[in-house]
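Trainee: give the three-dimensional model of this entry:
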Amino acid sequence: MGFLRRVERGLRDFYVAPYRRVFARAKRDEEDLFMMLVLSEALGVPNPASGATLELLPEMLERMHDWHTRQGLDSSPIDGLACC
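Mentor: Residues are numbered from 1 along each chain as shown. Okay, here's the model as predicted:
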């Protein structure tokens, strides 16, 4: 049983390893888009779902620094929210 598990793990690593970076980038891009949707109202973009995304704002504020540095911004784009 242990041998089969090692073989399975080895095969999984062999087939999945080349795509780990692609999956990580896709996940990060999806999170960046979601962050922009949540913060769109604060950035000055009208958001029809602002009532639903408003309650997610405290969760997103923890990730604000990573997000704005990935977007190439030196500081937080939202006035009154300094994360750096």
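Trainee: ok, now which ones touch His68?
Mentor: By Cβ atoms under 8 Å, 6 or more residues apart in numbering, the residues touching His68 are Ser75, Ser76, Pro77, Cys83. In this view, the C-beta of every residue, glycine as well, is placed from N, C-alpha and C.
Trainee: buried ones among those residues?
Mentor: Neighbour-count burial (16 or more other Cβ atoms under 10 Å) is assigned, among the contacts of His68, to Ser76.
Trainee: save the contacts of His68 as JSON lines, and put in pLDDT, secondary structure and distance to Glu55 too.
Mentor: Shown next, in JSON lines, are the contacts of His68 (pLDDT from 0 to 100; DSSP: H, G, I helix; E, B strand; the rest coil; distance: Cβ to Cβ, whole Å):
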{"residue": "Ser75", "pLDDT": "76", "secondary structure": "coil", "distance to Glu55": "25"}
{"residue": "Ser76", "pLDDT": "75", "secondary structure": "coil", "distance to Glu55": "20"}
{"residue": "Pro77", "pLDDT": "72", "secondary structure": "coil", "distance to Glu55": "21"}
{"residue": "Cys83", "pLDDT": "70", "secondary structure": "coil", "distance to Glu55": "20"}
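Trainee: which two in the contacts of His68 are spaced the farthest apart?
Mentor: Pro77 and Cys83 (10.5 Å; Cβ to Cβ).
Trainee: restricting to C-alpha, output the one helix or strand in the chain whose mean pLDDT sits lowest in CSV.
Mentor: The helix or strand of the chain with the lowest confidence, counting by mean pLDDT, DSSP states H and E, is helix 50-54 at a mean of 75. Extracted C-alpha coordinates of helix 50-54, given in CSV (Å, rounded to 0.1, in the frame of the first residue of the first chain):
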residue,chain,number,x,y,z
SER,A,50,-21.7,47.9,-3.4
GLY,A,51,-24.1,46.9,-0.6
ALA,A,52,-23.0,43.3,-0.9
THR,A,53,-19.3,44.1,-1.2
LEU,A,54,-19.2,46.6,1.6
